[in-house]
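Asker: can you look at this prediction? I've put the sequence above it.
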Amino acid sequence: MRSFEQRLNRIWYGGAAVPWWLAALVPVYRAITALRRLPYRLGLRKPARIGVPVVVVGNLVVGGSGKTPLVIALVEALRARGWTPGVVSRGYGGSARGPRLLDESSQASEVGDEPCLIRRRTQAPVAVGRDRAQAAALLLGQGVDVVVADDGLQNPSFARDVEICVVDGRRRFGNGRLLPAGPLREPASRFAAFDFRVCNGDAPQAGEIGMRLAGDVATALAGDAPARALDTFAGARAHGVAAIGDPSRFFDALRARGIEVVTHPFPDHYAFVAADLDFGDGLPVLMTEKDAVKCASFARPNHWYVPVRAELAGIFFDTVAAKLAVRKVS
C-alpha cells in the first residue's frame, strides 16, 4: 500500500509519466462526480440547511494541505469574536457510520484522527457522520451558532455560506489532472470561485491569503515531562514520524531546527500500532499531533509530538466573521 502511494505521488507531484490505465479512468471519475451533482443541478434535490451559518474549509486535491490547522484557528478566532462554533467532519478513517457527537472517551479508531485532534485542541463540540447535515444537527443541541465543516467542498448535499479552499504552496495542484491521473478532485479552474483562497507555506499568488504553520515546542506523549523547545533537539538524531498528506513538510520543519531526522513516512490517516514506533535505539521520536492522538495508548517516555498553529492575518478572520454575520441575520 505504501509503495503504491509513493508511486502515485511521483506521478502526481514528481513529474513521472501518467500510465495509460490511470488516464483511462479519469472519464469514469468525471462521470461519477457529475452524476452525484446532477439531482442538485436539476433542482430535484436541495442542499440541506441546518439553521445556522456554515463555513466549509477544504481543498481541491487528495491529501493534506493544512486545512485542519486552519479549522482549529478559525474556531478559536470565531470564539474570540463572540461566536459559539462547532465542527462537523465525515470522520475519515473511523469506524463510526451514523452521526455521532464526540466526547472524552471518543477514539480516533472510531471517529477519525482529525476530529479527535480538533476537539482536543479547541474543546469545541465536534460531530462526525457521513451525512454531514445529520451530524451537524447534533451540534445545535450544544448551543452552537456557527458550524465549521472540516472538508466537504465537493459535497453538494450540505449547504454552506462561506467556502474556504486551502492550497499547499509548495505542491499546488501537482500535475493539474483529475483523479486518478492527478490529485485533483475538481478542475483547478474551480479554485477561483471560492470565497477565500488560503495558501499554506510558500509565497501566495494573487488573490490568496498567506498562511504559515508554526510549531516550536515538543510535548511528551507519556508521563509528566514538561514541554521542550524544539530547538533543544538540535544537533542530534531523532526519528521523525508522520502519517499526513505530505510527510516531507513535517520532516523539513524538523531539519530547519537543526535536527538530524531519520524519516518514517506513513500513509495519511495510518492506524499505528506499538511496533511501528519501536526503532530499537532509544532515540527521541518526534511526530505530528494528528499522529499523537492514535499513539497515546502505547506511548513511551521518548515519544514527543509537535503541535502546530496556523498563523494568518487577523483581517482574514474579521472578514469571514462578517460574512457569517450577514447570513445569521438574513
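Answerer: Nice, I can see it.
Asker: need the longest helix for this protein.
Answerer: helix 20-41 (DSSP state H).
Asker: any idea how far it is from the middle of the chain?
Answerer: Centroid separation between helix 20-41 and its chain, computed with C-alpha atoms, centre = their mean, to the nearest Å, is 24 Å.
Asker: mind listing the helices for the chain?
Answerer: Counting by DSSP H, the chain has helices at residues 2-13, 20-41, 67-80, 108-111, 113-122, 132-140, 247-255, 289-295, 314-329.
Asker: in the chain, what helix or strand scores lowest on average pLDDT?
Answerer: Ranked by mean pLDDT, DSSP states H and E, the weakest helix or strand in the chain is helix 2-13, scoring a mean of 82.
Asker: tell me what angle that one forms with helix 20-41.
Answerer: Counting by axes from the mean of the first three to the mean of the last three C-alpha atoms, to 10 degrees, helix 2-13 lies at 70 degrees to helix 20-41.
Asker: now residue 17: closest residue in space that isn't a chain neighbour?
Answerer: residue 11 (7.4 Å; C-beta to C-beta, 6 or more residues apart in numbering). All C-beta atoms are positioned from the backbone trio N, CA, C, and that covers glycine.
Asker: just residue 177 next, same as before
Answerer: residue 184 is the one closest to residue 177 (C-beta to C-beta, 6+ apart), at 6.4 Å.
Asker: any idea what that neighbour is bridged to?
Answerer: Beta-bridge partners recorded for residue 184 (DSSP bridges): residue 61, residue 178.
Asker: distance of it from residue 5?
Answerer: From residue 184 over to residue 5 the distance is 17 Å, taken as C-beta to C-beta, to the nearest Å.
Asker: re the thing from before, what is the mean pLDDT for the longest helix of the chain?
Answerer: Across helix 20-41, pLDDT averages out at 94.
Asker: contacts for that helix?
Answerer: Contacts with helix 20-41, where a contact means C-beta atoms under 8 Å, 6 or more residues apart in numbering, come from 11, 45-47, 154, 156-157, 177-181, 185-186.
Asker: against residue 224, how distant is residue 301?
Answerer: If you go by C-beta to C-beta, the gap between residue 301 and residue 224 works out to 10 Å.
Asker: quick one, what contacts the residue lying closest to residue 261 once chain neighbours are set aside?
Answerer: Computed as C-beta to C-beta, 6+ apart, the closest residue to residue 261 that is not its neighbour in sequence is residue 240, at 4.3 Å. By C-beta under 8 Å, 6+ apart, the contact set of residue 240 is 250, 251, 254, 259, 261, 262, 263, 264, 286, 287.
Asker: swap in residue 321?
Answerer: 77, 78, 81, 83.
Asker: any chance of the residues you listed in CSV, with neighbour count and pLDDT too?
Answerer: Formatted as CSV, the contacts of residue 321 follow (neighbours: other C-beta atoms under 10 Å; pLDDT from 0 to 100):
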residue, neighbour count, pLDDT
77, 19, 97
78, 22, 97
81, 15, 95
83, 20, 96
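Asker: just to revisit the earlier point, of residue 301 and residue 224, which one has the most company?
Answerer: More neighbours surround residue 301 than the other of residue 301 and residue 224, with 12 against 5 (other C-beta atoms under 10 Å).
Asker: that one: what's it in contact with?
Answerer: By C-beta under 8 Å, 6+ apart, the neighbours of residue 301 are 220, 222, 223, 225.
Asker: for the third one, grab the count of nearby residues.
Answerer: Other residues near residue 223 come to 9 when the count uses other C-beta under 10 Å.
Asker: torsion angles phi and psi at the residue nearest to it when sequence neighbours are not counted?
Answerer: Computed as C-beta to C-beta, 6+ apart, the closest residue to residue 223 that is not its neighbour in sequence is residue 301, at 5.4 Å. Here is the backbone geometry of residue 301 (degrees, to the nearest 10): phi -60, psi -20.
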